[in-house]
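Enquirer: generate a structure from the sequence data that follows.
(one chain, ligands or ions: 2)
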Amino acid sequence: MNSFAESQLDLIADALVERGYWVMDNALPKILLNQLLIYFNHLQADEFKVAGIGRQTDFQVQGTIRSDKIHWIQPSIEIMAEFLESMGSLRVGLNRRLFMGLFDYESHFAHYPIGAFYKKHLDAFRGKHQQGKSNRVLSTVLYLNHAWQPSDGGELLLYAEDDENRVIESILPEYGRLVIFLSEKFPHEVLPAKRERKSIAGWFRVNEGDL
Ligand code: OGA
Ligand code: MN
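Expert: Ligands and ions are numbered 1, 2, ... in the order given. Coordinates of the predicted model:
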């Protein structure tokens, strides 16, 4: 029901091969977006935690690098299961087309209070199994902010793979926009915003054993 269409999957696969990233509006059904936002808005402050760098197992709080707060997506909640179902169809569709070996997907709601940021970083270490940690291969960010204006700030900046000072894309976190990029390739950052900023960040991973 919440699956990506074959034609969309073709476009995404082509973009990932040609450029390594893809940005699309209205990638998911409006009704799903609305339910995700309602769920997000009902979460209490104590259900968000300070985000860390690295995986849950080797958690380090790094307030100088990022200042968002996160809430991990749980498949046991129906609306989240629907979101995971769509992302599952993306996983299967990309594996079929690109043989990426995407194995699972982890994701969290992210709340950036006014002024919050996430400085330039990579979502995965470059080079395969540096410290055995590089199993995030494809990053996704879905935005849940109605009527975002350029003057609100909060852009996601993607930097060139071979020149981390050259911005190749500046993306406003507009409602329903989905960004997908190869985790090891693109340094990226979230600029501070004048409004609170809501998103769902996620990562497709390959099996540790495959690395
Ligand atoms: C992240 C991230 C980007 C965004 O959570 O790793 O880079 O635009 N998020 O929220
Ligand atoms: Mn990131």
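Enquirer: what are the buried residues along the longest helix seen in the chain?
Expert: Scanning the chain for the helix with the most residues, using DSSP state H, yields helix 78-98. Buried positions in helix 78-98, judged by neighbour count with 16 or more other CB atoms under 10 Å: 80, 82-84, 86-91, 93-94, 97-98. From N, CA and C alone the C-beta is placed, and that goes for glycine too.
Enquirer: average pLDDT for it?
Expert: Helix 78-98 shows a mean pLDDT of 97.
Enquirer: in the helix or strand just after that helix, what's buried?
Expert: Downstream of helix 78-98, the first helix or strand assigned by DSSP states H and E is strand 102-112. Judged by neighbour count (16+ other CB under 10 Å), strand 102-112 contains these buried residues: 102-103, 105, 107-112.
Enquirer: the closest residue to R97 other than its chain neighbours: what's it in contact with?
Expert: Among residues not flanking R97 along the chain, A13 sits closest, at 4.0 Å (CB to CB, 6 or more residues apart in numbering). Contact analysis of A13 by CB atoms under 8 Å, 6 or more residues apart in numbering lists 93-94, 97-98.
Enquirer: try 7 Å this time
Expert: 94, 97-98 (CB atoms under 7 Å, 6 or more residues apart in numbering).
Enquirer: ditto for E47
Expert: Contacts of E47 (CB under 7 Å, 6+ apart): H71.
Enquirer: and the residue lying closest to F103 once chain neighbours are set aside, how many neighbours does it have?
Expert: Spatial nearest neighbour of F103, chain neighbours left out: N207 (4.4 Å); criterion: CB to CB, 6+ apart. Neighbour count for N207, taken as other CB atoms under 10 Å: 11.
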